[in-house]
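1. build me a model from this:
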Amino acid sequence: MKKRLFLIILTIISLVGIGWKQPTVAQGADKRVLIVYDALNPTVNGQRKLAGLQQLLTSIGVTTQTEKLSDYYAGQLTTKKYMGVVTLVNWPQGDLHNAAFTRDQQTFSGKKLHVGQQLSQAEAHQLHAVRHNVYHQQLTLSAGGQQQLLPFSENITLLTVKRKAQNFGQLRPQNQGIGHYPYGTVVGRAGYLPYFEANGFSQVLAAQTIATLFGNVRQRKPLLTITGVTPYSDLNRLTQLATKLNAAGIPFAISTTSVADNTSLAAFSKFTKALRIVENNQGIIFLQVPIVGAANRQSGALLEQTMVEELNQLKQRQVMPVGISAPVYWNQDKVFRRYGLARSSNVLLLPNPATTTFAAQDNLGATYGQTWTGLSLNSLLTVKNGRQIAVNRLEFPTRTALTVPFPTSQKKLTAMVKRVTQLNVGWYQPQDHLQTKITSASATFDYRQGIYYLNGSPVTIGTEATGIPKYHFSQTRHVALDKYFKVQGNILFVFFTVTTIVLVVFLFLGRRIYRQMFRRK
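-> Sure thing, here's the model as predicted:
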């Protein structure tokens, strides 16, 4: 009887274990894409290109795994683990190869995307295309009557597709006799981008190519997003900007940092008051993650504490963030994902800073309910040939946040509002469509169609923070012998005061005696 009972318990445990494992396996089989890159190559902004691909794939709901070409091992690329593979070539002059990857990539039956140079004959065959190498040319990228001049290219491989293909944009060399070629190409389960830049017109058309290949095409309106806001920004200028944008009928978001300490000071109250004005002017707020100076695998607890305290301090003052904003590399770090990004269903991925500091880098990009791709608006406004791209005619297949840095002067503020108004863009309306949730310890922040909820109850944002308990995380510190040193300080103050007075008196009397010694009698 005992033996039979033991077997039943063992079977139940096994079934529970299988139940826990199945979601992870299913997600890996359905959505994981392997990104293989040859080198970062800073001379061509290789790290920025890699981050741009990670950013775009995440925004269309695809989980990623990033692998350096030299680290790839035989048999790694299989359809059981991955639904697609992206090959990124940043350093064609290095002529780097991995025979195992080349062999596995050719036999892989999933979706394939090649970005950059060194497109093989086998890859061209899968695209039903003929390769054309173009040397020492400056290319113009065009689509829909708009164009942008790309940087000078020493060597680029362009395609002539024999069979029906989906093309996104055209590349036209300066030498008119060479003709024109497609920029993004998708044929069946294969795709090709001969050139990629993580900004400007290139990123927009690359996003269309990637979304088409990986099956998530949907035209979306961009979200105007103001970046670079901090508690130390000019808050009067921030409130002016919010008021002007609302008056112009332009919905917007801001990405702002906050603080977890010294929140009882008047400066923090002024900061949160400005954020409430943003909320009352149809603006939404992304809480930007802290800047990382140094981190390790044990940094999770500190990050958890900081994020929870920042959110709770904002909550007390009726500032209700609708999402988390972070550099792209945060999504490639196990600690930063778990304690920073995973608490929000709405994430804005911004370009990486010049220096990236990891806590536990694993190169496994996760997905979230809604992921926004940060794209500089300025990179779409000014092009090298002097022509202006009509932003209102661009098609964004991913959730795109067109970012504008917070204006540093009144003149720049006026110019920015004028420029954004003249673009005549149909901006994304958060009040009509956005639904988000953020978890902070025992508190939950929800936003649904323009209404804020705290722990399930609606919250009305007022001009003043009323009706919410005012408590602070900072605690009074009791120092041993504090009173002793205070009394000692008072005694020393009195002693030096008396001594100074006596010296002044002696100086005055000595001067009189000295003068009388030389006075005539």
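2. doesn't Val278 make contact with Ala242?
-> Yes - taking Cβ atoms under 8 Å as the definition, Ala242 is a contact partner of Val278 at 4.6 Å. Placement of C-beta: from N, CA and C, glycine included.
3. out of those two, which sits in the more crowded spot?
-> With neighbours defined as other Cβ atoms under 10 Å, Ala242 and Val278 compare such that Val278 has more, 26 against 22.
4. what sits against that one?
-> When contacts are counted by Cβ atoms under 8 Å, 6 or more residues apart in numbering, Val278 touches Leu238, Thr239, Ala242, Ile254, Ile285.
5. check the offset of the biggest helix by length in the chain from the chain's centre.
-> When the chain is parsed with DSSP state H, its longest helix is helix 482-517. A distance of 62 Å separates the centroid of the chain from that of helix 482-517, by Cα atoms, centre = their mean, to the nearest Å.
6. quick check: mean pLDDT of it?
-> In this model, helix 482-517 has a mean pLDDT of 81.
7. check the contacts of Val278 and tell me the two furthest apart.
-> Pairwise distances across the contacts of Val278 peak at 13.6 Å for Thr239 and Ile285 (criterion: Cβ to Cβ).
8. still on that earlier bit, what is the nearest of the contacts of Val278 to Ala441?
-> Looking across the contacts of Val278 and measuring by Cβ to Cβ, the closest to Ala441 is Ile285, at 19.1 Å.
9. got phi/psi on that closest one?
-> With angles defined as degrees, to the nearest 10, Ile285 sits at phi -120, psi 130.
10. name the nearest residue to it, ignoring sequence neighbours.
-> In this structure, Ile285 finds its nearest non-sequential neighbour in Pro321, 4.8 Å apart by Cβ to Cβ, 6 or more residues apart in numbering.
11. ok, back up a step: with neighbour numbers in mind, choose between Thr239 and Ile285.
-> Ile285 (23 against 17).
12. wait, the more buried one sits on Ile324?
-> No - contact criterion Cβ under 8 Å: Ile285 and Ile324 do not qualify, at 10.5 Å.
13. okay, and which of the contacts of Val278 map to helices?
-> Short answer: those in helices (DSSP H) are Leu238, Thr239, Ala242.
14. am I right that Lys315 sits in a strand?
-> No - read with DSSP: H, G, I helix; E, B strand; the rest coil, Lys315 is helix and lies in no strand.
15. and it, what is it in contact with?
-> Ser440, Ala443, Phe445, Leu454, Ile468.
16. for Ile35, see how far away Cys115 is.
-> No Cys there; residue 115 is Val. 9 Å (Cβ to Cβ, to the nearest Å).
17. who's more crowded, these two?
-> More neighbours surround Val115 than the other of Val115 and Ile35, with 25 against 22 (other Cβ under 10 Å).
18. number of nearby residues for the residue nearest to Ile285?
-> 29.
19. you'd agree it is up against Val289?
-> No - assessed by Cβ under 8 Å, Pro321 is found out of contact with Val289, at 11.4 Å.
20. coming back round to it: and the contacts of Val278, which is closest to Ala390?
-> Using Cβ to Cβ, these come closest to Ala390 at Ile254, 25.5 Å.
21. for the chain, what spans make up the helices?
-> Using DSSP H, helices in the chain cover 2-31, 46-59, 99-107, 121-126, 200-213, 235-247, 266-280, 300-316, 334-339, 378-381, 410-422, 430-433, 482-517.
22. just the buried positions in stretch 170-178, please.
-> Across stretch 170-178, burial judged by 16 or more other Cβ atoms under 10 Å covers Gln170, Leu171, Arg172, Pro173.
23. pLDDT weak spots in the stretch 101-250 of the chain?
-> 176-177 (pLDDT under 70).
24. again, only this time at 90
-> 134-138, 144-155, 161-164, 173-180, 215-219 (pLDDT under 90).
25. try the stretch 251-400 of the chain
-> 292-299, 381-390, 393.
26. if we go to 50?
-> Filtered on pLDDT under 50, the stretch 251-400 of the chain yields no residues whatsoever.
27. for Val44, see how far away Leu265 is.
-> 46 Å.
28. where does Tyr195 fall, phi/psi-wise?
-> According to degrees, to the nearest 10, Tyr195 has phi -150, psi 140.
29. neighbours around the residue found closest to Ala39 once you drop the neighbours it is linked to in the chain, how many?
-> Among residues not flanking Ala39 along the chain, Trp91 sits closest, at 4.2 Å (Cβ to Cβ, 6+ apart). Using other Cβ under 10 Å, Trp91 is surrounded by 18 other residues.
30. do Gln219 as well
-> Neighbour tally, Gln219, other Cβ under 10 Å: 11.
31. now swap in Thr357 and tell me
-> Counted with other Cβ under 10 Å, Thr357 comes out at 16.
32. and the gap between Leu509 and Met517?
-> On the measure of Cβ to Cβ, Leu509 and Met517 end up 13 Å apart.
33. which one of those two has more residues nearby?
-> Leu509 (10 against 6).
34. what's the distance between the more buried one and Leu149?
-> 87 Å.
35. rewinding a little: between Leu265 and Val44, which one's more packed in?
-> More crowded of Leu265 and Val44, by other Cβ under 10 Å: Val44, with 16 against 12.
36. now for the nearest residue to that one once chain neighbours are set aside, how many residues are close by?
-> Ranked by Cβ to Cβ, 6+ apart and with sequence neighbours excluded, the top spatial neighbour of Val44 is Asn90, at 5.9 Å. Residue neighbour count, defined by other Cβ under 10 Å, stands at 23 for Asn90.
37. same check on Pro42?
-> 10.
38. same question, Ala441
-> Other residues close to Ala441 by other Cβ under 10 Å number 13.
39. again, but for Val505
-> Val505 has 10 nearby residues by other Cβ under 10 Å.
40. can you give me the distance of it to Ser345?
-> According to Cβ to Cβ, Val505 stands 76 Å off from Ser345.
41. swap in Gln138?
-> 43 Å.
42. ok, the two, which is more surrounded?
-> Set Gln138 next to Ser345 and count neighbours by other Cβ under 10 Å: Ser345 wins out with 19 against 13.
43. quick one, strands of the stretch 251-400 of the chain?
-> Remark: strands assigned in the stretch 251-400 of the chain by DSSP state E, counting those that start in this stretch are 252-256, 283-288, 323-327, 346-350, 364-365, 370-376, 400-405.
44. can you check which of those strands gets nearest to Glu123?
-> strand 364-365 (24.0 Å).
45. just how off-centre is that closest one within its chain?
-> 14 Å.
46. ok, and what's touching that strand?
-> By Cβ under 8 Å, 6+ apart, the list of residues contacting strand 364-365 reads Gln54, Leu57, Thr58, Thr63, Thr64, Gln65, Thr66, Asn331, Gln332, Lys334.
47. quick check: of those residues, which lies closest to Thr78?
-> Top of the list for closeness to Thr78, among the contacts of strand 364-365 and by Cβ to Cβ, is Gln65 at 12.7 Å.
48. rewinding a little: against Leu96, how distant is the residue nearest to Ile285?
-> 43 Å.
49. likewise Leu150?
-> Counting by Cβ to Cβ, the gap from Leu150 to Leu96 is 24 Å.
50. between those two, which one's more packed in?
-> Neighbour count, other Cβ under 10 Å: between Leu150 and Leu96, Leu150 has more, with 21 against 16.
51. hmm, who's touching stretch 446-455?
-> 279, 284, 315, 320, 322, 430-437, 443-445, 456, 458-459, 461.
52. render the CA-only coordinates of that stretch in PDB, please.
-> Output of stretch 446-455 as PDB, limited to C-alpha atoms (Å, rounded to 0.1, in the frame of the first residue of the first chain):
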ATOM      1  CA  ASP A 446      -3.300  50.500 -14.000                       C
ATOM      2  CA  TYR A 447      -4.100  52.800 -16.900                       C
ATOM      3  CA  ARG A 448      -7.100  52.000 -19.200                       C
ATOM      4  CA  GLN A 449      -8.400  54.400 -21.800                       C
ATOM      5  CA  GLY A 450      -7.400  57.600 -20.000                       C
ATOM      6  CA  ILE A 451      -8.300  56.500 -16.500                       C
ATOM      7  CA  TYR A 452      -5.700  55.800 -13.800                       C
ATOM      8  CA  TYR A 453      -6.300  53.000 -11.200                       C
ATOM      9  CA  LEU A 454      -4.400  52.400  -8.000                       C
ATOM     10  CA  ASN A 455      -5.000  48.900  -6.600                       C
END
